[in-house]
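Student: Got a predicted structure plus its sequence, pasted below:
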Amino acid sequence: MIIHMDTEELFLRNVHIRWDEIPEESYLRNIPALSSLKDLPFHAPVTIFSGENGSGKSTLLEAVAISLGFNPEGGTRNYSFSTYDSHSSLSDAFTLTRGYRKMKYGYFLRAESFYNVATMEERYSAEDPRGRALHLHERSHGESFLVLAQNNFRGNGIYLLDEPEAALSPQRQLSLLKIICDAVKEGAQFIIATHSPILSAIPGAEILSFDEGEIHPISYEETGAYKISSLFINRREKILEELLKEDDND
């Protein structure tokens, strides 16, 4: 079971957005869940960002990561590289409230730039005489993803994951869930943007929905990941029949 921390023990307790510093013409103001957000408090060692594509989950997660000192494309706070500068200016308007504990470790892991991070991981380990080569590019995508998580997720750190399920089979998602829970027991904090009904089920996680125009807490059973997956599994034939039926006008 997840260990429940006091909010003061969390490395990140709150994000405040200074909207007066964001240009009126910024596209950020057109994302309903973000434009209505002034403060985002964190209450649990694991926070799940849930919502449809385009709802602002990854944009907010990326801005939090940058504010904490992580490279926009991913990696630890020691990583410094850029293959394509596409991050928003949202982080420039952030004020962070931190807990009393000082984080020793951390990682920003995003599915869309994982190849670049894996390349830099190999390069940095080769340059560091104390480093251990992980041979990430010699493994399958999912296997290298898990190896990187096993090698970097530990206590006394904060970890931000953007759609980590993209690289993983359902079985491997369960493996990642176990890695996350083990790190939390050692004092880690996680913020995860995901569509996975498996990762959304992490015990004790606070789930925040980005749908319906504002960020709000929901139960696991209210997530789209759970509802759609459950509906499809229990009514597969009916759903496929409706989805694939020929148009009456054909």
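Tutor: Yep, that arrived.
Student: Going C-terminal from the lowest-mean-pLDDT helix or strand in the chain, what's the next secondary structure element?
Tutor: Using mean pLDDT, DSSP states H and E, helix 114-127 stands out as the lowest-scoring helix or strand of the chain, at a mean of 55. Next along the chain after helix 114-127, taking DSSP states H and E as the criterion, comes helix 141-152.
Student: Which strands and helices lie in contact with that next one?
Tutor: With contacts taken as 3 or more C-beta pairs under 8 Å, 6 or more residues apart in numbering; DSSP states H and E, helix 141-152 sits against strand 105-110, helix 114-127, helix 170-185. Heads up, the C-betas are built off the backbone N, CA and C, glycines and all.
Student: The longest one versus strand 105-110: what angle between them?
Tutor: Just to be clear, that refers to helix 170-185. Per axes from the mean of the first three to the mean of the last three C-alpha atoms, to 10 degrees, the angle that helix 170-185 makes with strand 105-110 is 150 degrees.
Student: Helix 170-185: which residues count as buried?
Tutor: 172, 173, 176, 177, 179, 180, 181, 183, 184 (16 or more other C-beta atoms under 10 Å).
Student: In contact with residue 100, which residues?
Tutor: Residue 100 is in contact with 8, 9, counting by C-beta atoms under 8 Å, 6 or more residues apart in numbering.
Student: one more time with 6 Å, if that's ok
Tutor: Residue 100 sits next to residue 8 when contact means C-beta atoms under 6 Å, 6 or more residues apart in numbering.
Student: doesn't it fall inside a helix?
Tutor: No: counting by DSSP: H, G, I helix; E, B strand; the rest coil, one finds residue 100 to be coil, located in no helix.
Student: Now do it against residue 169, distance only.
Tutor: In this view, residue 100 and residue 169 are 39 Å apart by C-beta to C-beta, to the nearest Å.
Student: Check residue 103 and give its pLDDT.
Tutor: Looking at residue 103, its pLDDT stands at 89.
Student: what do you get for residue 7?
Tutor: pLDDT for residue 7: 81.
Student: residues near it, how many?
Tutor: 13 (other C-beta atoms under 10 Å).
Student: List the contacts of the nearest residue to it once chain neighbours are set aside.
Tutor: Computed as C-beta to C-beta, 6 or more residues apart in numbering, the closest residue to residue 7 that is not its neighbour in sequence is residue 13, at 5.5 Å. Residues counted as contacts of residue 13 (C-beta under 6 Å, 6+ apart) are 7, 42, 97, 99.
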